[in-house]
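**Q** I would like the atomic coordinates for the input below:
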Amino acid sequence: MVEPPAVGGLAVAHAIGSLAAPPAPPAATRSVTEPRAVRWLLMGLALGFLALFLVLPLVTVFEQAFAKGLATYADAITQPVAVSAIQLTLLTAAISVPANLIFGVAAAWCIAKFEFAGKSLLTTLIDLPFSVSPVISGLIFVVLFGAQGFFGPFLQANGVKIIFAVPGIVLATTFVTFPFVARELIPLMQAQGTEEEQAALSLGASGWQMFRRVTLPNITWGLLYGVILCNARAMGEFGAVSVVSGKIRGATNTIPLHVEILYNEYHVAAAFAVASLLTFLAVVTLVAKSFIAWKFQQPDAGGAPEPPSGA
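**A** Predicted coordinates for the structure are as follows:
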């Protein structure tokens, strides 16, 4: 009669088998394979949605812009009022984006690197422009700086004009765009911690040297990501700017406002020609954003493992 193996032998054999066989992956990380029909259906829905709401509008804009020929297109974007709108849009972005860059870095540094009373309130206030309608934002500036506003009599007495002038457009654009840089940098800098900065300080680095040689290289790609989004929103802002600008041709019209006026006056080809400039900007922004997101994932980028989330 064959005797059963000893209990110790069973334990040893079970242990050897456990070491040889790879552990089963957790249930949460196991890949789920959908039926082929379901996968094709989901891909078809996604591609159809992109074609309908992204590709088709882009193609339509450029098709309508060049519908009456290249000469009409060139004439539409070189009209004095169109050139003025383009210049004002670039000027507004050139002022508001650097201002938001400085504010975003300072706010992210303050929130991510320090603990202080009111920190959660500051974080909430940074998100305020995301929750307030741009039209309401413009009305706020009118109430503050308009002729009948809170500061209106004082500004008029000193010859300062904000509403229906370039300063009002810059203020409104800066307000609606200032969360973009800060919201990209805050989670990134929180994930990086403060160890490297503390090491730099312990080695005798000054505050500026620490920021330039330690902090800035670590946030470069996240910073560029936020600046790209901020610039795209600044050039395409319509709601707040339409309230504070007065829509004065050749003076306070930005590109979106100029497009609206042309379309309302049934200058369809000219409206689409000018709109194609913003569409081209959107495509360039998308390409740059994709590159930044890819670069952000590289091991030498100094960033988090996932690209930052855009608004």
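
**Q** Could you list the domains of this structure?
**A** The record's domain parsing of the chain by automatic domain parsing lists 35-65, 68-310.

**Q** For I169, give me its contacts.
**A** Contact analysis of I169 by C-beta atoms under 8 Å, 6 or more residues apart in numbering lists L88, T92, V241, V244, S245, T252, T254. Heads up, the C-betas are built off the backbone N, CA and C, glycines and all.

**Q** Quickly find the element holding the third one.
**A** Meaning V241. Following DSSP states H and E, one finds V241 within helix 239-245.

**Q** ok, back up a step: deepest-packed of the domains of the chain, please.
**A** Comparing these by mean neighbour count (mean count of other C-beta atoms under 10 Å), domain 68-310 ranks first with a mean of 17.

**Q** Let's verify I162: helix, strand, or coil?
**A** coil (DSSP: H, G, I helix; E, B strand; the rest coil).

**Q** Read off the pLDDT value for it.
**A** Looking at I162, its pLDDT reads 93.

**Q** That one against Q156, yeah?
**A** No - I162 is beyond contact range of Q156, at 10.4 Å (criterion: C-beta atoms under 8 Å).

**Q** List the contacts of stretch 250-263.
**A** Stretch 250-263 has contacts (C-beta under 8 Å, 6+ apart) with 76, 80-82, 84-86, 88-89, 92, 164-166, 169, 235-238, 241-242, 245-247, 249, 268, 270-271, 274-275, 277-278.

**Q** Please export the C-alpha coordinates of that stretch as CSV.
**A** Extracted as CSV, the C-alpha positions of stretch 250-263 are listed here (Å, rounded to 0.1, in the frame of the first residue of the first chain):
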residue,chain,number,x,y,z
GLY,A,250,-11.4,99.9,-36.1
ALA,A,251,-11.0,100.6,-32.4
THR,A,252,-12.4,98.0,-30.0
ASN,A,253,-13.3,95.0,-32.2
THR,A,254,-11.3,91.8,-31.7
ILE,A,255,-11.3,89.0,-34.3
PRO,A,256,-14.4,87.2,-32.8
LEU,A,257,-16.4,90.4,-32.7
HIS,A,258,-15.4,91.4,-36.2
VAL,A,259,-16.5,88.0,-37.5
GLU,A,260,-19.9,88.4,-35.8
ILE,A,261,-20.4,91.8,-37.4
LEU,A,262,-19.4,90.6,-40.9
TYR,A,263,-21.7,87.6,-40.6
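
**Q** so how far is that stretch from its chain's centroid?
**A** 24 Å (C-alpha atoms, centre = their mean, to the nearest Å).

**Q** Stretch 143-161 now?
**A** That offset, for stretch 143-161, works out to 33 Å (C-alpha atoms, centre = their mean).

**Q** List the residue ranges of the protein that fall below the pLDDT cut-off.
**A** For the chain, the stretches flagged by pLDDT under 70 are 1-32, 296-311.

**Q** Residues touching stretch 90-107, excluding its own?
**A** Residues outside stretch 90-107 that contact it (C-beta under 8 Å, 6+ apart) are 122, 126, 166, 169-170, 173-174, 177-178, 180-182, 184-186, 219, 223, 226-227, 230-231, 234-235, 241, 254.

**Q** Same check on stretch 134-150?
**A** 129, 151-152, 155-156, 162-163, 168, 171-172, 175-176, 237-244.
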